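Q: Below are the sequence and a predicted model; questions follow.
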Amino acid sequence: MNKFYGRDFLKEEDFTADDLKTLLNLAAHLKRQRQAHTETPHLLGKNIVLIFEKDSTRTRCAFEVAGHEQGAHVTYLGSSGSQIGKKESIADTARVLTRFFDGIEYRGFEQTRVETLAEYATVPVWNGLTNEWHPTQLLADMMTIQEHAHAPLSTQKLAYIGDARYNMGNSLMIGSAMLGLDFRSIAPKDLWTSDAVYEKAQALAKESHARITRTDNIEEGVKDCDFLYTDVWVSMGESDDVWKERIDLLRPYAVTEEVFQMTGKAESKLLHCLPSFHDRKTTIGQAIYERFGLPYMEVADDVFESKRNVVFDEAENRLHTIKAVMVATLSPTLPC
Ligand code: CP
Ligand code: NVA
């Protein structure tokens with residue numbers, strides 16, 4: 001039996017650093033097979049349910065396409081149309097879905113909700129994003145860094161710039177600490193990653209020889225970085241009332257070409273989990289422009305449209321890494 005079989009993936013630390021590397025290798029193997037049209041289906045006859053209490057493009061499509069390509073049947077439950085939360089508790093939902101399905105994906109609000117789901121379900125539960133963690137995104141991010149760096153992850157310098165207290169700020173800090181990167185979290189102090197996550201990362205870094213830094217100084221933070229990562233300034237589930245305060249705090253932290261120049265690395269690349277406000281071509285982007293005069297938020301459009309951008313490779317890698325997680329946890333033997 002492979003060591004991932006039957007396990008949940010609720011946050012990065014559910015697995016060891018070696019486990020994360022194994023999943024990245026499996027994702028690369030599955031990606032090569034898909035490109036060569038030689039993919040072997042490991043999930044024939046499996047039924048998978050996807051619970052999305054928040055919206056999604058990439059995560060939903062990655063789970064659906066990965067499931068279909070591996071031979072599974074996929075059922076989608078959105079934020080309305082099921083009994084979840086309104087008439088049926090998470091615990092009861094978990095016990096019902098366990099009788100129908102071989103695996104459960106959950107995207108929603110507090111991490112405690114996905115933990116309760118996993119406690120009551122007897123099949124693997126995968127976290128497709130909570131307020132606190134986004135572990136399947138972290139895998140895709142690390143896969144993309146590996147592909148573009150052509151070097152071990154432990155040689156790479158990565159900076160995250162923006163709202164560092166939320167899911168991506170947390171997952172990137174812990175993931176980097178486990179995998180040995182030089183990681184800089186750059187944010188105004190009010191939006192720093194919590195002390196608890198930072199201290200956990202420092203403890204993990206002792207094993208991996210990672211370097212983990214929190215700073216509010218952009219120039220110091222990005223110096224020598226190979227990758228700059230940013231995310232939206234207001235996340236799903238947050239109140240619209242926070243826009244003004246968040247824009248006031250983060251306006252100086254937008255990722256522009258000037259910030260890339262501060263890395264001192266001509267080839268440094270842009271990462272972003274997406275979706276991104278880099279122009280006014282969305283209803284929210286246009287509304288923010290009308291209210292605050294910002295033509296972009298977390299990343300400037302000229303950077304987004306430049307050769308620095310590897311975010312669409314990163315988006316594609318959601319498919320391969322999510323496929324790896326499902327195959328590893330649902331298939332008794334690992335394909336490689
Ligand atoms: N990056 C990410 O999770 O995208 P979606 O919200 O579209 O799933
Ligand atoms: N921080 C963002 C990530 C989206 C993938 C959010 O939670 O909305």
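A: Good, I have the coordinates. Ligands and ions are numbered 1, 2, ... in the order given.

Q: Ends of stretch 121-129, what's the gap?
A: Stretch 121-129 has its terminal residues 18 Å apart, counting by Cα to Cα, to the nearest Å.

Q: what helix or strand is the residue most central in space within the chain on?
A: Residue closest to the mean C-alpha point of the chain, counted by Cα atoms, centre = their mean, is residue 137 at 2.2 Å. Here residue 137, judged by DSSP states H and E, is contained in helix 135-149.

Q: rewinding a little: pretty sure the residue nearest to the centre of the chain is touching residue 273, no?
A: Yes - shown here, residue 137 and residue 273 form a contact pair, counting by Cβ atoms under 8 Å, at 5.1 Å. Every residue, glycine included, has its C-beta placed from N, CA and C.

Q: Next, show the common contact partners of these two.
A: residue 168 (Cβ atoms under 8 Å, 6 or more residues apart in numbering).

Q: list the contacts for residue 187?
A: Taking Cβ under 8 Å, 6+ apart, we find residue 187 in contact with 161, 162, 163, 164, 165, 169, 193, 214, 216, 250, 253.

Q: Can you tell me which of these is nearest ligand 2?
A: residue 163 (7.2 Å; Cβ to the nearest ligand atom).

Q: Isn't that closest one up against residue 233?
A: Yes - counting by Cβ under 8 Å, residue 163 does reach residue 233; the two are 5.7 Å apart.

Q: Which neighbours do the two have in common?
A: Residues touching both residue 163 and residue 233 by Cβ under 8 Å, 6+ apart: 246, 250.

Q: Comparing those two, which shows the higher neighbour count?
A: residue 163 (28 against 24; other Cβ atoms under 10 Å).

Q: Determine the three-state secondary structure at the more buried one.
A: coil (DSSP: H, G, I helix; E, B strand; the rest coil).

Q: returning to what we had before: counting by contacts, list what the helix holding residue 137 packs against.
A: helix 17-35, helix 58-69, strand 125-127, helix 167-179, strand 227-230, strand 269-272, helix 311-330 (3 or more Cβ pairs under 8 Å, 6 or more residues apart in numbering; DSSP states H and E).

Q: Using PDB, write down the CA coordinates of stretch 5-24.
A: C-alpha atoms of stretch 5-24 as PDB (Å, rounded to 0.1, in the frame of the first residue of the first chain):
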ATOM      1  CA  TYR A   5      -3.400   5.900   0.500                       C
ATOM      2  CA  GLY A   6      -6.600   6.900   2.300                       C
ATOM      3  CA  ARG A   7      -5.000  10.100   3.700                       C
ATOM      4  CA  ASP A   8      -6.400  13.700   3.800                       C
ATOM      5  CA  PHE A   9      -4.600  16.700   2.500                       C
ATOM      6  CA  LEU A  10      -5.900  19.600   4.600                       C
ATOM      7  CA  LYS A  11      -2.700  21.700   4.900                       C
ATOM      8  CA  GLU A  12       0.900  21.400   3.900                       C
ATOM      9  CA  GLU A  13       2.100  19.900   7.200                       C
ATOM     10  CA  ASP A  14      -0.200  16.900   6.800                       C
ATOM     11  CA  PHE A  15       2.700  15.500   4.700                       C
ATOM     12  CA  THR A  16       6.400  15.600   5.200                       C
ATOM     13  CA  ALA A  17       8.800  17.500   3.000                       C
ATOM     14  CA  ASP A  18       9.800  14.200   1.300                       C
ATOM     15  CA  ASP A  19       6.100  13.500   0.700                       C
ATOM     16  CA  LEU A  20       5.600  16.900  -0.900                       C
ATOM     17  CA  LYS A  21       8.600  16.200  -3.200                       C
ATOM     18  CA  THR A  22       7.100  12.700  -4.000                       C
ATOM     19  CA  LEU A  23       3.800  14.400  -5.000                       C
ATOM     20  CA  LEU A  24       5.700  16.900  -7.200                       C
END
